[in-house]
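**Q** no sequence for this one, just the structure:
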């Protein structure tokens, strides 16, 4: 106990003599906070090395250099400069954790706070550092179960009930799965909360012999939750509510390995992932596709995936022209029209959010027309599927309103309604295409068609739509829409 008190009294009297402690105080809480809230974005050894260097290495180098080169300075200088950098690093790291970048307004405010602390409170630097370390201890208590859960993640839910991953195709058209984010079904867009005439694009699809599927829905509410279910052809039920922020390992499921990729690769398809943004690639999941329009070296380690937009049509056109003797699959991800603000702080109000969404819809229509015209010209016998990942949430102030229990049919369909249009080869849809209702069964139905084997329809998943609810009912996962699309409220066990 005596040694601890001696060390503590020494640190409080002259904290600048302990550069490693000041560095840990500045960086520990931010890094624990970031890993707790964004583990799925940074779960690689390369990310860990980067964050250790940035959050610990950089502050330590500054504090060590100060101790080394400013030995003869006055006690006042020895307090103020370390206090300035400690507060500057601590708050700047928190800003990076929240926004994945430095924004000049917040950065200037942080600089001002650091200067004020250095000027008026530098004598309390030791206590400030101890408080930061206390915060880090609290943050660690939250980080440990999150990281433990991720490291012990089970893929059991992805197991198939039959031998579909061993099936063989009888038809081998090139397959294009085009996903415009947040694009609601034509059956919903002209009524309810949307009230928009989208007949021009509907006519465009009809003229190109696309079959429309009214009232199609997503099973889940976000890009990650929806796509991980689509490509696994199974329900995950948000990992039974383990994490209310992001579905665990979703990017690995979508990009690295899943039942859809297994089936395609068994049937010798060359697979392509083309996206406008690197959102699904930010944590550098092992690339399970044969070709992609992004290179991991081009994606910053500190990123949300929205650093650089890329038009996918040039890459699509190039890849169509290659490997004419090989069947191809394309997953094309567009991020328009998108969805309204995620949370209340970002929202501009339901009317302005609706206007913003409709503006994006018009842009999305033009992009889709360009892509579909390219496919039609270069690959007229292809199987083309247009299906969004979820709805646009128009009619609400912000997206997370659906986490509050509701039985409002228009709100629910605003969140879950999805466009679904298919260009079948020879314009002949299979007799069982009426089973196309939600994303979880999309590829199982397509594969039954390509394999000419209806046995695979015996294991269709339920077509319910599920959401996380944490207000108005006991926290958990609830079925909001049942197999037939009717409004329900049933807790998922």
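**A** Received, thanks. Computed from a predicted structure; not experimentally measured.

**Q** C-alpha only now, for contacts and for neighbours.
**A** Noted.

**Q** Pull the number of nearby residues for residue 349.
**A** 15 (other C-alpha atoms under 10 Å).

**Q** Contacts only, for it.
**A** Contacts for residue 349 (C-alpha atoms under 8 Å, 6 or more residues apart in numbering) come out as 396-398.

**Q** repeat that for 10 Å
**A** Applying C-alpha atoms under 10 Å, 6 or more residues apart in numbering, we find residue 349 in contact with 340-341, 395-398.

**Q** now it: how far from residue 361?
**A** Distance, residue 349 to residue 361, using C-alpha to C-alpha, to the nearest Å: 18 Å.

**Q** list the buried ones in stretch 480-488?
**A** Residues 480-482, 485, 487-488 are the ones in stretch 480-488 that count as buried (16 or more other C-alpha atoms under 10 Å).

**Q** Relative to residue 375, which of those is nearest.
**A** Of all these, residue 375 sits closest to residue 485, with 32.3 Å by C-alpha to C-alpha.

**Q** and the closest one, how far is that from residue 222?
**A** Counting by C-alpha to C-alpha - residue 485 and residue 222 are separated by 18 Å.

**Q** swap in residue 298?
**A** Noted for residue 298: a distance of 25 Å to residue 222, by C-alpha to C-alpha.

**Q** which stretches of the stretch 1-150 of the chain form helices?
**A** 2-13, 19-38, 45-52, 58-69, 75-99, 104-120, 125-151 (DSSP state H, counting those that start in this stretch).

**Q** ok, the helix or strand that comes right after the last one: who's next to it in the sheet?
**A** When you say that, I think you mean helix 125-151. For helix 125-151, the following helix or strand on the C-terminal side (DSSP states H and E) is strand 175-180. Sheet pairing for strand 175-180, assigned by DSSP bridges, gives strand 328-334 (parallel), strand 383-387 (parallel).

**Q** hang on, the earlier thing: neighbour-wise, which one of the contacts of residue 349 leads?
**A** Greatest neighbour count in those, by other C-alpha under 10 Å, goes to residue 340: 28 neighbours.

**Q** That one against residue 352, yeah?
**A** Yes. In this structure, residue 340 is within contact of residue 352 by C-alpha atoms under 10 Å, at 9.4 Å.

**Q** Residues in contact with both of these two, list them for me.
**A** Joint contacts of residue 340 and residue 352 (C-alpha under 10 Å, 6+ apart) are 394, 397.

**Q** Which positions in the longest helix along the chain come out as buried?
**A** In the chain, with assignment by DSSP state H, the single longest helix is helix 350-378. By neighbour count on 16+ other C-alpha under 10 Å, the buried set for helix 350-378 is 350, 353-354, 356-358, 360-361, 364-365, 367-368, 371-372, 374-375.

**Q** same for it, what does it pack against?
**A** On a contact count with 3 or more C-alpha pairs under 10 Å, 6 or more residues apart in numbering; DSSP states H and E, helix 350-378 meets strand 175-180, helix 199-207, helix 313-321, strand 328-334, strand 383-387.

**Q** hmm, back to that, deepest-packed of the helices of the stretch 1-150 of the chain, please.
**A** Mean neighbour count (mean count of other C-alpha atoms under 10 Å) peaks for helix 19-38 among the helices of the stretch 1-150 of the chain, with a mean of 23.

**Q** about what we covered before: any chance of CSV for the helices of the stretch 1-150 of the chain, columns distance to residue 262 and mean pLDDT?
**A** Output for the helices of the stretch 1-150 of the chain, formatted as CSV (distance: least, C-alpha to C-alpha, whole Å; pLDDT from 0 to 100):
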stretch, distance to residue 262, mean pLDDT
helix 2-13, 58, 65
helix 19-38, 28, 85
helix 45-52, 27, 82
helix 58-69, 44, 82
helix 75-99, 36, 82
helix 104-120, 46, 84
helix 125-151, 24, 84
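
**Q** Export these to TSV and append columns for distance to residue 252.
**A** As requested, the helices of the stretch 1-150 of the chain are exported to TSV (distance: least, C-alpha to C-alpha, whole Å):
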stretch	distance to residue 252
helix 2-13	45
helix 19-38	15
helix 45-52	15
helix 58-69	31
helix 75-99	22
helix 104-120	33
helix 125-151	12
